[in-house]
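Undergrad: the sequence isn't on hand, but the structure is:
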């Protein structure tokens, strides 16, 4: 089941993202850290009704942000569609104990279907250049890699921008 997150879900979401960060660091992927993602970011996502959670056995096991806001870091990217009718995916996370079970696929299918139903022209996102698993995940879903951006508080390495035209 996928539903909008509530303020009461934030502690569990933080547990999940911390577990994901620890897991990624254990395999040499320094994508998330103490600066990101933050409680404040998730509180803002909930307030804007952009944070969704996936539930299994009455427990939240993952989350995703589906937003219409284009971060300024994305401005230099040569996107495939105009910058006025797009969805942006952020903070996709599945607890490491539940990874490999199709939960991330379910959340992305949910986000893409939401975008189609609401008449958006594309889905955009970024993923860490050192996270080859994520890159394959998005490319297998039909996303096109378009350019690099940087988030210095997260990493010295690039993040790749992707877009799926609907």
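TA: Thanks, I have the structure now. Just so we're clear, the structure is a prediction, and the values are computed from it rather than from any experiment. Residues are numbered from 1 along each chain as shown.

Undergrad: just give me the neighbour total for the residue nearest to residue 55 when sequence neighbours are not counted.
TA: Distances taken as Cβ to Cβ, 6 or more residues apart in numbering put residue 1 closest to residue 55, at 4.8 Å, once the chain neighbours are dropped. From N, CA and C alone the C-beta is placed, and that goes for glycine too. Residues within reach of residue 1, counting by other Cβ atoms under 10 Å, total 8.

Undergrad: please apply the same query to residue 28.
TA: With neighbours defined by other Cβ under 10 Å, the count for residue 28 comes to 7.

Undergrad: equivalent analysis for residue 6, please.
TA: Neighbour tally, residue 6, other Cβ under 10 Å: 10.

Undergrad: need the contact list for the spatially closest residue to it that is not a sequence neighbour.
TA: Distances taken as Cβ to Cβ, 6+ apart put residue 46 closest to residue 6, at 6.6 Å, once the chain neighbours are dropped. By Cβ atoms under 8 Å, 6 or more residues apart in numbering, the contact set of residue 46 is 5, 6, 7, 9, 10.

Undergrad: A helix includes residue 46, no?
TA: Yes. Judged by DSSP: H, G, I helix; E, B strand; the rest coil, residue 46 forms part of a helix.
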